[in-house]
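In: requesting a structural model of the entry that follows:
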Amino acid sequence: MEAFCPEMRPENGFQHLALNAAKLLVMSTKPVASPYLVPFDGSFRVKDAKTQPPKSGRDKDGNKKSLKKSIKKLTELQRRLYADDRHALLLVFQAMDAAGKDGTIRAVMSGVDPAGCQVFSFKAPSAEERDHDFMWRVYRSLPERGRIGIFNRSHYEEVLVVRVHPEFLEGQQLPRPLDPKAIWKSRYEAIRAFEKHWAASGTVVLKFWLNVSEQEQGKRFLDRIDEPEANWKFSARDVEERKLWDKYMVAYEKALNETSRPEAPWYAVPADDKAFMRATVADIIVRKLEQLDLRYPEVTAEERAALLARRAELTPEE
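Out: Model prediction:
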């Protein structure tokens with residue numbers, strides 16, 4: 001009779017799987033260290049958040065070199081992310097107008113295979129979307145395992161723009177009576193719960209607030225007006241929203257404090273210097289993916305033997 005191995009008990013097998021799952025969760029929820037990481041204790045203050053890089057980060061050429069290096073690493077990490085097929089990566093970008101979201105996404109993702117990346121931009125909800133809860137359209141757009149998803153604006157619009165414009169709630173077909181104060185608390189709770197679930201399921205969530213100053217935004221608006229090829233980027237509504245700057249800052253501070261958690265951290269990245277901002281975002285993404293121990297699948301001995309047999313068939317006879 002064969003000796004009984006206690007390690008082969010079913011409960012030990014389940015325990016092994018549970019430990020592996022726990023290990024994956026720890027790796028995916030360990031935040032990348034950064035001076036721009038929004039703390040998890042509610043102490044973040046917009047007035048203290050930097051919009052300019054430190055003196056050591058103002059070398060434009062140095063930032064471009066750093067970005068190029070990160071892009072090269074990200075290209076390889078994306079291949080491993082796809083092959084490993086255990087995690088997805090979700091990148092959330094929020095910012096005031098003219099902060100540089102589009103340009104940052106283009107620059108940082110310039111080396112990524114488009115087949116493994118998808119970008120969604122969430123604007124005013126459609127009639128179909130208004131007939132569901134506010135997270136419904138976001139859930140449908142989550143990246144599959146092995147892929148990178150980018151939200152250029154996101155579910156956070158519902159606690160940013162809508163909080164600044166509470167009149168928008170009237171068009172969302174919400175149950176009566178409507179209690180705006182309760183709505184924000186409920187939405188923060190829902191966002192935290194959803195993002196925690198995504199992380200537990202293998203989706204790495206990184207959220208970036210590109211923190212542009214009011215002065216720099218004004219300068220960029222003027223550039224859009226003065227440069228004919230950039231006129232299309234400017235809207236009169238941009239000026240009207242700019243008048244609500246202080247209200248938006250209150251909404252951002254509250255949202256970031258309520259939803260920056262280890263499994264879905266926010267990074268408040270200085271955005272007045274585009275080269276520094278792009279290099280910083282790319283570096284955080286790369287270091288996060290490097291934490292995951294992404295691997296190419298290993299073939300079995302039998303599979304390897306089959307490959308060698310096929311190779312022999314394809315090799316021309318001498």
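In: now the residue most central in space within the chain. Nearest residue, chain neighbours left out?
Out: Centroid-nearest residue in the chain: residue 91, 1.6 Å away (criterion: Cα atoms, centre = their mean). Using Cβ to Cβ, 6 or more residues apart in numbering and skipping the chain neighbours, the partner closest in space to residue 91 is residue 150 (4.9 Å). No exception for glycine: its C-beta is placed from N, CA and C like everyone else's.
In: now do residue 79
Out: Closest to residue 79 by Cβ to Cβ, 6+ apart is residue 113, at 7.6 Å.
In: hang on, the one you found packs against residue 78?
Out: Yes. Counting by Cβ atoms under 8 Å, residue 78 is a contact partner of residue 113 at 6.2 Å.
In: between the two, which one's more packed in?
Out: residue 78 (22 against 13; other Cβ atoms under 10 Å).
In: how near is the residue lying closest to that one once chain neighbours are set aside to residue 316?
Out: The shortest distance from residue 78 to any non-neighbouring residue, by Cβ to Cβ, 6+ apart, is to residue 112 (5.4 Å). Look at residue 112 and residue 316: by Cβ to Cβ, to the nearest Å, they are 37 Å apart.
In: and the two? which has more neighbours close in?
Out: Higher neighbour count among residue 112 and residue 316: residue 112, with 17 against 4, using other Cβ under 10 Å.
In: that one and residue 267, how far apart?
Out: Residue 112 is 19 Å from residue 267, by Cβ to Cβ.
In: could you do residue 47 as well?
Out: In this view, residue 47 and residue 267 are 18 Å apart by Cβ to Cβ.
In: what about those two, which has more around it?
Out: residue 267 (22 against 6).
In: what is that one paired to in the beta sheet?
Out: residue 37, residue 208 (DSSP bridges).
In: so who does it touch?
Out: 34, 36-38, 206-209, 280-281, 284 (Cβ atoms under 8 Å, 6 or more residues apart in numbering).
In: the same query, at a cut-off of 6 Å, please.
Out: For residue 267, the contacting residues are 34, 36-37, 208, by Cβ atoms under 6 Å, 6 or more residues apart in numbering.
In: most neighbours among these, which one?
Out: residue 208 (26 neighbours).
In: spit out the contact partners of that one.
Out: Residue 208 neighbours (Cβ under 6 Å, 6+ apart): 93, 267, 269, 281.
In: how close does residue 111 sit to residue 60?
Out: 20 Å.
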